[in-house]
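Chemist: Compute the structure for the input listed below.
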Amino acid sequence: MKRICIILLAIASFSCQEEVNLPLGRIDSTVPVIEAIWSDRPFYNEVKITLAQNYLDNTEISVVKDAKVFIINTRSKEVIPFRFNQGNLSYIPVETTKRAEIGESYQLFIQWKDNQFTATGDMLAPPIVDSLTYKYEKERLFRDEGYYIKVYGKIPYQENNYYRIRVIENDTLKNDRDDYLLFDDTFGLTFFENGLELNYDFAEGDKVRLELYRLNKEPYDYFTQLVSLLYNDGGLFSPPPQNPDTNIRVISGTSDVLGYFSVASILTESVAIEGKDD
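Modeler: Presented below is the predicted three-dimensional model:
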């Protein structure tokens, strides 16, 4: 009889549980999201400005087209103006050949309505990429059959080692949450000399391009926090979703701001998968 009472008490406890929906923070004002990259390769240099949306808002993103954007070399005081490009809905340098120079520091300025924003970054020298190789692998536990690429190189720097790899397969950027390949020197960097294997299976005939970015710490932290946010499933043990920390600050105005300014050196290497031999 005692055992039956315990079971009934347990059932009663479960029946009294309520589903609790925690309120998510809402955006009640117009908040710009700035995604800016300034690199040593003109093709990549652009500033995207959109308006933030609430967490569950699936409406079309609003693009800001009327901002004033420019970058200043903090040493030479050279001003590099940007203009809005309707084709890719972002701001690009008026002189499209302008680029970041290694060893220089840069400051981004954006003026939009009554608000002014700024951010800074240093142009760091890139690491060394010696080669890309590939090898055919049979199906294994947690890994599909296919060709796997290894990157060989060297990172000779003792500090500011923050990197991101982007992979483009047949002109398509891999851009899911699993595709943010970020690493630093927390566990050393000799693995890069021994060959860093990309966790993708490719097929014969694929053309693969790799882009290796050397970042400043603030944009690196932004991307690591973004990855954590993308993996947040909203479950009981997940922290409340929150925006990554921005390295952009408000000079004047009352608006908040989200996003990042990244000054980065970029290395690119390509390989075509031709057969089962290296």
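Chemist: tally of neighbours for Thr246?
Modeler: Other residues within reach of Thr246, judged by other Cβ atoms under 10 Å, total 19. From N, CA and C alone the C-beta is placed, and that goes for glycine too.
Chemist: for it, what are its contacts?
Modeler: Ile34, Tyr222, Val257, Leu258, Gly259, Tyr260 (Cβ atoms under 8 Å, 6 or more residues apart in numbering).
Chemist: now Glu269, which residues is it bridged with?
Modeler: Per DSSP bridges, residues listed as beta-bridge partners of Glu269: Leu210.
Chemist: Give me the distance between it and Pro127.
Modeler: Summarising the geometry, the distance separating Glu269 from Pro127, computed by Cβ to Cβ, to the nearest Å, is 12 Å.
Chemist: Can you pull the residues that touch both of the two?
Modeler: With contacts taken as Cβ under 8 Å, 6+ apart, the residues that reach both Glu269 and Pro127 are Leu212.
Chemist: for the stretch 151-278 of the chain, what spans make up the helices?
Modeler: Shown for the stretch 151-278 of the chain, the helices assigned by DSSP state H, counting those that start in this stretch span residues 190-194, 217-230.
Chemist: Over the shortest one, what's the mean pLDDT, rounded is fine.
Modeler: With pLDDT averaged residue by residue, helix 190-194 scores 91.
Chemist: what do you get for stretch 250-257?
Modeler: Model confidence over stretch 250-257, given as mean pLDDT, is 95.
Chemist: List the buried residues in that stretch.
Modeler: Within stretch 250-257, the residues that qualify as buried are Ser255, Val257, counting by 16 or more other Cβ atoms under 10 Å.
Chemist: ok, Gly153 - how many residues close by?
Modeler: The number of residues packed around Gly153, counting by other Cβ under 10 Å, is 19.
Chemist: State the distance from the closest residue to it other than its chain neighbours to Leu189.
Modeler: Counting by Cβ to Cβ, 6 or more residues apart in numbering, Val129 is the residue found nearest to Gly153 once chain neighbours are left out, at 4.2 Å. Remark: distance between Val129 and Leu189 (Cβ to Cβ) = 13 Å.
Chemist: Need the residues touching each of the two.
Modeler: With Cβ under 8 Å, 6+ apart, Val129 and Leu189 have no common neighbours.
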